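*Asks:* fold the stuff below for me.
(2 chains)
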Amino acid sequence: EAGVAQSPRYKIIEKRQSVAFWCNPISGHATLYWYQQILGQGPKLLIQFQNNGVVDDSQLPKDRFSAERLKGVDSTLKIQPAKLEDSAVYLCASSLGTSGWNEQFFGPGTRLTVL
Amino acid sequence: AQSVTQLDSHVSVSEGTPVLLRCNYSSSYSPSLFWYVQHPNKGLQLLLKYTSAATLVKGINGFEAEFKKSETSFHLTKPSAHMSDAAEYFCVVSDQGTYKYIFGTGTRLKVLA
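*Replies:* As a prediction, the model looks like this:
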């Protein structure tokens, strides 16, 4: 089966610019996650969707980050305006459901560099 | 609240020797635990998972982990390291209430020829 797709793979922007990332989950997966992975750290959950509804966005810096999942499939994560500390890898993951036994499948990530 | 601690940030082994990556967890409930591997510029891949069945869990590529409740540990092992095992390894606990993944800080495994 096809895995989780993400684009772009790399992005370099200057601070205060805007950027958007795209994610296409595995077909049939109801749950979609966006993580931020800063160099040397484990991934941190930013937002979790169940179909097209938000389940958890408690760690999302809502003053600059936004995310949507139209029609319960693809998702976009936007940063506006970007700060230097937003430099990180942004990972998208999907799973069939939300139980503790459901494995999350991860995409390759988008590496963002903010100059 | 659930948490995981990976006791070593870096581990170096020689090719053909055993691998031990240590993980301790904290959980008020019976946890779901996972090990993921991340190769450079690649996504995270599941190695194995524990979900309250057998305490010795076998995963892909010869890895296994043993759930020890008395020690609150879930260490990852492999009898013989291969060069292709060089990567970052993450121990993960699934929060019992929300099922959110809580990641450890990672262990970078280096395999020496």
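
*Asks:* pLDDT-wise, which helix or strand of the chain ranks last?
*Replies:* Using chain A. Ranking every helix and strand in chain A by mean pLDDT, DSSP states H and E puts strand A:53-56 at the bottom, with a mean of 90.

*Asks:* the intended chain is chain B.
*Replies:* Quick look at chain B via mean pLDDT, DSSP H and E: least confident is strand B:101-103, a mean of 90.

*Asks:* so what strands line up beside that strand?
*Replies:* Each strand paired with strand B:101-103, and its direction, by DSSP bridges: strand B:87-94 (antiparallel).

*Asks:* now the partner strand: average pLDDT?
*Replies:* Strand B:87-94 shows a mean pLDDT of 94.

*Asks:* that older thread, contacts for the least confident helix or strand of chain B?
*Replies:* Residues from elsewhere that reach strand B:101-103 (Cβ atoms under 8 Å, 6 or more residues apart in numbering or on different chains): A:33, A:42-45, A:104, B:2-4, B:34, B:90-95. Just so you know, the C-beta spots here come from the backbone N, C-alpha and C atoms, and that holds for glycine as well.

*Asks:* stretch A:68-85 too?
*Replies:* A:13-25, A:30, A:32, A:34, A:46-47, A:49, A:51-52, A:64-67, A:86, A:90, A:92, A:112, A:114-115.

*Asks:* same question for stretch B:7-23.
*Replies:* Under Cβ under 8 Å, 6+ apart, the answer for stretch B:7-23 is B:4-6, B:24, B:33, B:35, B:63, B:73-83, B:85, B:89, B:91, B:104-113.

*Asks:* show me which of those residues are buried.
*Replies:* Neighbour-count burial (16 or more other Cβ atoms under 10 Å in any protein chain shown) applied to those gives B:4, B:6, B:24, B:33, B:35, B:63, B:73-76, B:78, B:81, B:85, B:89, B:91, B:104, B:106-109, B:111.

*Asks:* helix, strand, or coil at residue A:28?
*Replies:* coil (DSSP: H, G, I helix; E, B strand; the rest coil).

*Asks:* centre-most residue in the chain?
*Replies:* Just so you know, I chose chain A. Compute the mean C-alpha point of chain A, and by Cα atoms, centre = their mean the closest residue is residue A:34, 2.7 Å away.

*Asks:* think we crossed wires, I meant chain B
*Replies:* residue B:35 (3.6 Å).

*Asks:* so that residue sits right up against residue B:89, yeah?
*Replies:* Yes: counting by Cβ atoms under 8 Å, residue B:35 touches residue B:89, with 6.4 Å between them.
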